[in-house]
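Visitor: 3D, please:
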Amino acid sequence: MADEQKYPHHAASRLEMGNQIHIGSLNDPTSDMEIFAKEVLGALIMDNLPPTPNNFTLYFDRILEDKSDSLRRQIGAVLELEESNDDEKNIELEKTLKQGFSSVKSVLQLSTTLYKNMMLMEKILDKRREEMKNTPSLAVANDLISSLGNDVSKLGGILKKQVSHMKELYNETANIVKQVENETIFDDQYGVYNKRYLINKLTQEMHLIEEFRHKSSLVLVSLSHTTLAQISSDKAKGLMVRTVARLLLKTSRRSDTVAHYGEGVFAMMLKHTDIESAKKASERLFDLVSSTNFFLGEQEISLRIAIGVIELNPAHSVEHTVVTTLDAMEAANNETKNRYVISSAQ
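Guide: Have a look, this model is predicted:
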């Protein structure tokens, strides 16, 4: 009883996508990890600090320093699974961007040189033109023309080399831009993560589930075929798809990953969420979208989405998981009563 008064949050529970999910009591920890978790939370409560991510991280690192090497290695292994090496990736991206800026700078400098040479050519032509006006004989005129031809030929050779160099710089810059695009994690068209980031997070989560045996789920969403069939304008369809993306962000938690998988299909990876909680999350999302009306001129369109749901299983690959969930989402397009379809590959 004394422990319960000292740590009033031991019996606390948290809301997971609107469902009451109870956490096991920390009064009876069964592993070194649980003992460590209890100690960190206890220290926060003792110091009357809110258990915010920043505070927890501070106490987590401070208390971990005094733990045994074996526990530090165990926790280090967990952190390696969760970390995505963002600092290293940012450093590499920064190097690539600096290289790109350097190439762009070189292109601009070369463009300036080309412009100066073109201006020089114009001045040479003006000079030769004035000399031609005062030419006393045809022989002298031919000499001037020959001299002009040599000037043009020399400058033409220089310009040809500079243009060739500019082409090389352009191709180098284009490759750098493409490389940066391949490393991006954000889809700026819809304001969510992109497919590359989603696949990485799913792969990471599969490893974590295999290690710690918790539950996480994946939800795939797209506008239904019946909704899209009502509109012929590609621009209007794009606006409707962006509306779905906005509603997904609105209904998601901070721990969820919302991403654009491609071609108007969105994904929401729900961490620490079993299939039952994922179903309820899908129902709320369906109701939220269905209650949103889209106006196209005088036409009012009720949005409807197709949803496929699956509980992540490390026994299946990420590719298999996504494909079977896409199949479930497609099956939901043919359903008129159900709000979602559960993937058969559990």
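
Visitor: mind checking which helix or strand of the protein has the lowest mean pLDDT?
Guide: strand 13-16 (a mean of 36; mean pLDDT, DSSP states H and E).

Visitor: can you map out the strands along the stretch 201-346 of the chain?
Guide: Assigned strands in the stretch 201-346 of the chain, in chain order: 217-223, 257-262, 265-270, 293-296, 299-302, 305-311, 341-342 (criterion: DSSP state E, counting those that start in this stretch).

Visitor: contacting residues for the residue nearest to residue 306 when sequence neighbours are not counted?
Guide: Spatial nearest neighbour of residue 306, chain neighbours left out: residue 332 (4.0 Å); criterion: CB to CB, 6 or more residues apart in numbering. The way it works is simple: take the backbone N, C-alpha and C, and place the C-beta from them, glycine included. Residues in contact with residue 332, defined by CB atoms under 8 Å, 6 or more residues apart in numbering, are 224, 306, 307, 308, 338, 339, 340, 341.

Visitor: buried residues in stretch 321-338?
Guide: Buried residues in stretch 321-338, counting neighbours by 16 or more other CB atoms under 10 Å, are found at 321, 322, 324, 325, 326, 327, 328, 329, 331, 332, 333.

Visitor: nearest to residue 116 among these?
Guide: Checking the buried residues of stretch 321-338 against residue 116 by CB to CB gives residue 322 as the nearest, at 55.4 Å.

Visitor: OK, contacts around the closest one?
Guide: 199, 202, 218, 220, 261, 267.

Visitor: looking at the strands of the stretch 201-346 of the chain, which is closest to residue 245?
Guide: When those are ranked by distance to residue 245, counting by CB to CB, first place goes to strand 265-270 at 6.1 Å.

Visitor: partner strands of that closest one, with direction?
Guide: For strand 265-270, the paired strands and their directions (DSSP bridges) read strand 217-223 (antiparallel), strand 257-262 (antiparallel).

Visitor: gap between residue 292 and residue 65?
Guide: 50 Å (CB to CB, to the nearest Å).

Visitor: follow-up on the earlier one: most tightly surrounded among the strands paired with strand 265-270?
Guide: Mean neighbour counts were compared across the strands paired with strand 265-270 using mean count of other CB atoms under 10 Å; the top stretch is strand 217-223, at a mean of 25.

Visitor: what pLDDT does residue 3 get?
Guide: Per-residue pLDDT puts residue 3 at 41.

Visitor: same check, this time on the one 4 residues further on
Guide: If you check residue 7, the pLDDT there is 37.

Visitor: what does residue 17 give?
Guide: pLDDT, residue 17: 41.

Visitor: any idea of the mean pLDDT for stretch 239-257?
Guide: 92.

Visitor: got the CA coordinates for the helix or strand where residue 77 lies in CSV?
Guide: Taking DSSP states H and E as the criterion, residue 77 maps to helix 69-82. Listed next in CSV are the C-alpha coordinates belonging to helix 69-82 (Å, rounded to 0.1, in the frame of the first residue of the first chain):
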residue,chain,number,x,y,z
ASP,A,69,27.5,-3.3,-18.3
SER,A,70,25.2,-6.1,-19.2
LEU,A,71,22.1,-4.0,-18.8
ARG,A,72,23.6,-1.1,-20.7
ARG,A,73,24.4,-3.5,-23.6
GLN,A,74,20.9,-4.9,-23.5
ILE,A,75,19.3,-1.4,-23.6
GLY,A,76,21.9,-0.3,-26.2
ALA,A,77,20.8,-3.2,-28.5
VAL,A,78,17.2,-2.0,-28.1
LEU,A,79,18.1,1.5,-29.0
GLU,A,80,20.0,0.4,-32.1
LEU,A,81,16.8,-1.2,-33.3
GLU,A,82,14.8,2.0,-32.7
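
Visitor: following the chain onward from that helix, which element is next?
Guide: Defined by DSSP H and E, the subsequent element after helix 69-82 is helix 86-133.

Visitor: name the helices or strands packed onto that following helix?
Guide: If you count contacts as 3 or more CB pairs under 8 Å, 6 or more residues apart in numbering; DSSP states H and E, helix 86-133 packs onto helix 138-183.

Visitor: relative orientation of the helix it packs on and helix 86-133 in degrees?
Guide: Angle of helix 138-183 versus helix 86-133, following axes from the mean of the first three to the mean of the last three CA atoms, to 10 degrees, is 170 degrees.

Visitor: measure how far helix 138-183 is from the centre of its chain, please.
Guide: The chain centre lies 40 Å from the centre of helix 138-183; the measure is CA atoms, centre = their mean, to the nearest Å.
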